[in-house]
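Trainee: One predicted model, sequence on top.
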Amino acid sequence: MNILAVGAHPDDIEFGCAHVLIKEARKGNRIRMLVLSRGEAGSNGTPESREAESREAAKKIGAAIEFLDFGGDCHIEQTPANALRIAAEIREFQH
């Protein structure tokens, strides 16, 4: 099974569902984390440090991780173009 977890910011996925992802990775399922910003507006840590922490967490979870540029934290918009970008990621991961 392929499992794609999508989060707006670094650590959203980790805090929200890491326990489920770890369990599924241990079963042999393919896990991918898709993060839509680097947490640029966060009050704790730099975008670089937050991205690095998420990459380390993905390793521990047993997941691949990718960061997409959706204009930065607090600038993510619900647009047809952004929906198509996420849809393309979903389609790609299904194969």
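Mentor: Received the coordinates, thanks.
Trainee: Do a quick rundown of the strands in this protein.
Mentor: 2-7, 30-35, 64-67 (DSSP state E).
Trainee: Direction included, what does the first one pair against?
Mentor: Sheet partners assigned to strand 2-7 using DSSP bridges are listed as strand 30-35 (parallel).
Trainee: Just the buried residues of the partner strand, please?
Mentor: By 16 or more other C-beta atoms under 10 Å, the buried positions in strand 30-35 come out as Ile31, Arg32, Met33, Leu34, Val35. In short, each C-beta sits where N, CA and C put it, glycine included.
Trainee: got a markdown table for those, with distance to Gly7 and pLDDT too?
Mentor: Written out in a markdown table, the entries for the buried residues of strand 30-35 read as follows (distance: C-beta to C-beta, whole Å; pLDDT from 0 to 100):
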| residue | distance to Gly7 | pLDDT |
| --- | --- | --- |
| Ile31 | 13 | 98 |
| Arg32 | 12 | 97 |
| Met33 | 7 | 98 |
| Leu34 | 7 | 96 |
| Val35 | 5 | 96 |
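Trainee: between those residues, which is nearest Leu84?
Mentor: Minimum separation from Leu84 among the buried residues of strand 30-35 (C-beta to C-beta) is found for Leu34, which lies at 14.2 Å.
Trainee: How much space separates the closest one from Leu68?
Mentor: Going from Leu34 to Leu68 by C-beta to C-beta, to the nearest Å gives 7 Å.
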